[in-house]
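K.L.:
Sequence and predicted structure below; questions after.
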Amino acid sequence: MNVNKLSKRLQAVASHIGQDAVLADIGSDHAYLPAHLAITSRIRRGIAGEVAKGPYDSAVETIRESGLEGKVEARLADGLHAIRKEDGVDTVSIAGMGGPLIASILENGKSQLKSVRRLVLQPNIHAGAIRSWAVANGWLITDEDILEEDGKIYEVLVLERGTAIYDDLQLRFGPFLSKAQPPAFRKKWEHEAASLQKILQQIQEAAPSAERHVKEAELMRSLDQIMEVLGNGAENDRQ
């Protein structure tokens, strides 16, 4: 992967960045995403934020080698604190982290989001944590993607200012993904169901206890949710 050829995962993120956006890519690593978008004239300006010195240095080097000084700037900062008021950032991307960590970055940096109109987020796991944060903080889910790359499945969430009410299934599985159910979505949740069934079988073989009962109930509730959503998708296919 380099500035000219993004990974499939980052291509999916890039596809949701609006034309002429002022982008802050948080946890940017080598700054490949903002550099690629700048080279292809998709963004007006970009900020590559990094909290660790090593990745920050890599971002600086990518920007220098690509001749993007003045167009993309690397900043060493914690999360959204890479954004300054005068930047006029309207879009934030955060990719390649767990959903709870992304949600905590958004929560801890809420004051930096005043000018931001769109969030493009790619959690590696637990996307539901981001959806719950969105509901609690005045953000609306406007689109979702799911893809498989190198044997791993990734989700991409697009948030914009607004309010919505989502039920528990939509928060866990995604309002768009649970309705469309592309192959990667069904593969992910069928695999999750199989894993939960194995764990449930192991627990049921253990000696009875209050702890076992609670864990068993949690697993069965989780499995029921998965089977309900996948069943809804199969029913939609038949209609």
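P.N.:
Here it is on my side, so go on.
K.L.:
any idea which helix or strand of this structure has the worst average confidence?
P.N.:
helix 210-238 (a mean of 86; mean pLDDT, DSSP states H and E).
K.L.:
Could you name the helices and strands sitting against that helix?
P.N.:
helix 168-173, helix 177-180, helix 183-204 (3 or more C-beta pairs under 8 Å, 6 or more residues apart in numbering; DSSP states H and E). For the C-beta atoms, the positions are set from N, CA and C on the backbone; glycine is no exception.
K.L.:
Turn those into TSV, including distance to residue 102.
P.N.:
Listed next are the helices and strands packed on helix 210-238 as TSV, based on distance: least, C-beta to C-beta, whole Å:
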stretch	distance to residue 102
helix 168-173	15
helix 177-180	17
helix 183-204	18
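K.L.:
Distance to residue 139 and mean pLDDT added to those, as TSV?
P.N.:
Shown next, in TSV, are the helices and strands packed on helix 210-238 (distance: least, C-beta to C-beta, whole Å; pLDDT from 0 to 100):
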stretch	distance to residue 139	mean pLDDT
helix 168-173	13	97
helix 177-180	17	97
helix 183-204	22	95
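K.L.:
ok so, going back, now do the least confident helix or strand of the chain against helix 183-204, angle only.
P.N.:
Here helix 210-238 runs at an angle of 150 degrees relative to helix 183-204 (axes from the mean of the first three to the mean of the last three C-alpha atoms, to 10 degrees).
K.L.:
which parts of helix 210-238 are buried?
P.N.:
By 16 or more other C-beta atoms under 10 Å, the buried positions in helix 210-238 come out as 216, 219, 222, 223, 225, 226, 229, 230, 233.
K.L.:
Find the helix or strand that the residue nearest to the spatial centre of the chain is a member of.
P.N.:
The centroid of the chain falls nearest to residue 122 when counting by C-alpha atoms, centre = their mean (2.3 Å). Element membership for residue 122 (DSSP states H and E) is strand 118-123.
K.L.:
same check, this time on residue 23
P.N.:
Per DSSP H and E: strand 21-26 holds residue 23.
K.L.:
pLDDT (mean, whole number) over that strand?
P.N.:
What strand 21-26 shows for mean pLDDT is 98.
K.L.:
I'd assumed residue 144 was in a strand, is it?
P.N.:
Yes: counting by DSSP: H, G, I helix; E, B strand; the rest coil, residue 144 is found in a strand.
K.L.:
quick one: pLDDT of it?
P.N.:
On the pLDDT scale, residue 144 gets 98.
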